[in-house]
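> with the sequence up front, the predicted model follows.
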Amino acid sequence: MWRTVGQEKLVNTLARGLAEGRQLSSYLLVGPPHVGKMTLAMDIARFITCTGDEKPCGECLLCDRIGRGLNTDVTVINKDYGAPEGAGEKTTIPVTAMRDVVLSASLKPSEGNSRIFIIEAAESLNVPTANVLLKTLEEPPEQTVWILLATTSDRLLPTIVSRCQKLELRPATRETVMNLLINEHGAEKQRAEEIAHLSGGRIGWAIQAISDPSVLEEINGKLDSIEEVLKAPVDARFDYALKLSRDLRQDRESAQQELELWIEFWRDMMLVRQGLNQHIKHLGRHSVMKAYADKLSLQQISRVMASIKQTKGYLGQNANAQLAIENMMLSLPQP
Ligand SMILES: [Zn+2]
């Protein structure tokens, strides 16, 4: 059983190739974060090592051990690979770690027929590290399979890309995400629907959101404050601008997510204004959006959108954050 969901076409092609003995030594899986690249990589690893009849059977010892992360022939390499605990934050795989990996790749597999190396965030490899990897892909040690995961192939060396079979993962449909959440994660229909809309087809994100309530809590907290701001008079809006500009300094990622939510909120509002209610991302906010959309013209909504996007652009260029957000506040409709 393949565990990958929502990639039927790609899985069929891949399974046919593997079943016909066309096992390659390197694959490149490309797709947005949390779309299911690691799940697919593990499926390929299980397929290759599986001793059952219908591969990947999911039941033989080797499938089971890969599923539980115990199979010593499967190595996942990410920025923390080989680093001692507390070694500090790294942004990419150090070249020394990649050299160690390549050295270990010449060892024979210890459990199955192949050793499988999965390289996360391959797009962020620096040139020296990428070159070590390239040499290996050009002449891979026997019985090794290399699976590279990347959000885009544009930032990889073209020579690396050309060595790999490239497989592009697309976001799954909302229906697929919803059914998975209901059937395999016991979600209620309404909640599954809400998360499916929010997920943008990224299965991994949807599963995270259903199993960890804090994911949705954080988003909802931010949307609540956006709604508060829309109801507030101008001085309170300026207080918000001050707070968000401080957050940008202290917790940049969270503040940027909040700005992204401002954009999503108004994009949804535009859809609601046009009667395209089923396409909105933040389903739980529909009634609030409807109330605004009834009062505003499409032109007014798109002016606000433009202002928020412009603010986000300014902030990316290190402009005066408070001033930029205050301007954005002034572009919002009066409460
Ligand atoms: Zn198996």
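On my side now, so go ahead. Predicted model only: the values in this text are computed from it and were never measured. Residues are numbered from 1 along each chain as shown.

> which strands and helices sit next to the longest helix seen in the chain?
Identified as the longest helix of the chain according to DSSP state H is helix 252-273. With contacts taken as 3 or more CB pairs under 8 Å, 6 or more residues apart in numbering; DSSP states H and E, helix 252-273 sits against helix 213-231, helix 234-250, helix 286-295, helix 298-316. In this view, the C-beta of every residue, glycine as well, is placed from N, C-alpha and C.

> do that again at 10 Å, thanks
Applying 3 or more CB pairs under 10 Å, 6 or more residues apart in numbering; DSSP states H and E, one finds that helix 252-273 contacts helix 213-231, helix 234-250, helix 286-295, helix 298-316, helix 321-330.

> residues contacting Val272?
Contact analysis of Val272 by CB atoms under 10 Å, 6 or more residues apart in numbering lists 279-280, 285-294, 301.

> make a markdown table out of these and add distance to the ion, neighbour count and pLDDT.
A markdown table is the format used below for the contacts of Val272 (distance: CB to the ion, whole Å; neighbours: other CB atoms under 10 Å; pLDDT from 0 to 100):
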| residue | distance to the ion | neighbour count | pLDDT |
| --- | --- | --- | --- |
| His279 | 41 | 13 | 92 |
| Ile280 | 42 | 20 | 94 |
| Arg285 | 45 | 20 | 95 |
| His286 | 45 | 14 | 95 |
| Ser287 | 49 | 8 | 95 |
| Val288 | 50 | 19 | 95 |
| Met289 | 48 | 22 | 96 |
| Lys290 | 51 | 13 | 96 |
| Ala291 | 55 | 10 | 95 |
| Tyr292 | 54 | 19 | 95 |
| Ala293 | 53 | 21 | 94 |
| Asp294 | 57 | 9 | 94 |
| Ile301 | 54 | 22 | 96 |
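
> get me the contact residues on this structure for the ion.
Applying CB under 5 Å from the ion, we find that the chain lies next to the ion at Cys50, Gly52, Cys57, Cys60, Cys63.

> tell me where the stretch 51-200 of the chain has strands.
In the stretch 51-200 of the chain, the strands defined using DSSP state E, counting those that start in this stretch lie at 74-77, 115-119, 144-150, 165-168.

> relative to strand 144-150, how tilted is the second one?
Which is strand 115-119. With axes from the mean of the first three to the mean of the last three CA atoms, to 10 degrees applied, the angle from strand 115-119 to strand 144-150 works out at 20 degrees.

> what average pLDDT does strand 115-119 get?
The pLDDT scores in strand 115-119 average 97.

> okay, now the domains of this protein?
8-168, 212-330 (automatic domain parsing).

> show me how far the last one is from its chain's centre.
Put simply, domain 212-330 sits 22 Å off its chain's centre (CA atoms, centre = their mean, to the nearest Å).

> quick one: the helices in the stretch 51-200 of the chain?
Counting by DSSP state H, counting those that start in this stretch, the stretch 51-200 of the chain has helices at residues 61-67, 95-104, 127-138, 158-161, 174-185, 189-199.

> okay, buried residues for the fourth one please.
Along helix 158-161, the positions that meet the burial threshold by neighbour count (16 or more other CB atoms under 10 Å) are Ile160, Val161.

> by contact count, what packs against it?
Using 3+ CB pairs under 10 Å, 6+ apart, helix 158-161 sits against strand 26-30, helix 127-138, strand 144-150.

> list of residues touching that helix?
Contact with helix 158-161 is made by 26, 28, 30, 122, 125, 130-131, 133-134, 137-138, 146, 148, 150, 153-154, as judged by CB under 10 Å, 6+ apart.

> equivalent analysis for the first one, please.
Contact with helix 61-67 is made by 1, 3, 42-43, 45-52, 55-60, 70-74, 111-113, 116, as judged by CB under 10 Å, 6+ apart.

> got JSON lines for the strands of the stretch 51-200 of the chain, with mean neighbour count too?
Listed next are those as JSON lines, based on neighbours: other CB atoms under 10 Å:
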{"stretch": "strand 74-77", "mean neighbour count": "20"}
{"stretch": "strand 115-119", "mean neighbour count": "25"}
{"stretch": "strand 144-150", "mean neighbour count": "25"}
{"stretch": "strand 165-168", "mean neighbour count": "16"}
